[in-house]
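> Only the shape, not the letters, is given here:
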């Protein structure tokens, strides 16, 4: 599990902010959070294997879980640009 921002103070990180925990089969993200003694309201965003997840998401061996607190600046480096497709991609030059 990777704990970001203020969440990194909950368990002592094993290396570079990454904490490994053992869970029983059929454990969820919520079970992992409770095992680390992190209040669920301190977690605003959960990623499991780099994809958004709910607290009820089941976990399996090897899953990479990242937890973000409400105050974490997720989009701090975002410049506001939006990728747009070309006219050809949008179908304006399609035949038929």
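Here it is on my side, so go on. Quantities reported herein were computed from a predicted structural model and do not represent experimental measurements.

> Report the mean per-residue pLDDT for stretch 52-60.
Here stretch 52-60 scores 93 as its mean pLDDT.

> Quick check: end-to-end length of it?
16 Å (CA to CA, to the nearest Å).

> Then stretch 10-21?
End-to-end distance for stretch 10-21, by CA to CA: 13 Å.

> any weak-confidence spans in the protein?
11-17, 74-96 (pLDDT under 70).

> would you list every one of the strands in it?
Under the criterion DSSP state E, strands of the chain are mapped to 2-3, 45-48, 51-52, 65-68.

> Need these in CSV (columns: distance to residue 27 and mean neighbour count).
Every residue, glycine included, has its C-beta placed from N, CA and C. CSV is the format used below for the strands of the chain (distance: least, CB to CB, whole Å; neighbours: other CB atoms under 10 Å):
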stretch, distance to residue 27, mean neighbour count
strand 2-3, 17, 20
strand 45-48, 12, 17
strand 51-52, 18, 8
strand 65-68, 11, 20
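
> Is it possible to get CSV of those that adds distance to residue 38?
Shown next, in CSV, are the strands of the chain (distance: least, CB to CB, whole Å):
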stretch, distance to residue 38
strand 2-3, 8
strand 45-48, 11
strand 51-52, 18
strand 65-68, 7
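
> what about those strands, which gets the closest to residue 35?
strand 65-68 (11.5 Å; CB to CB).

> Give me the residues contacting that closest one.
1-5, 7, 29, 32-33, 38, 43-48, 50, 53, 59, 74 (CB atoms under 8 Å, 6 or more residues apart in numbering).

> The protein: helices as residue ranges?
Per DSSP state H, the chain carries helices over the ranges 29-35.

> re the thing from before, which of the contacts of strand 65-68 count as buried?
1-5, 7, 29, 32-33, 38, 43, 46-48, 53, 59 (16 or more other CB atoms under 10 Å).
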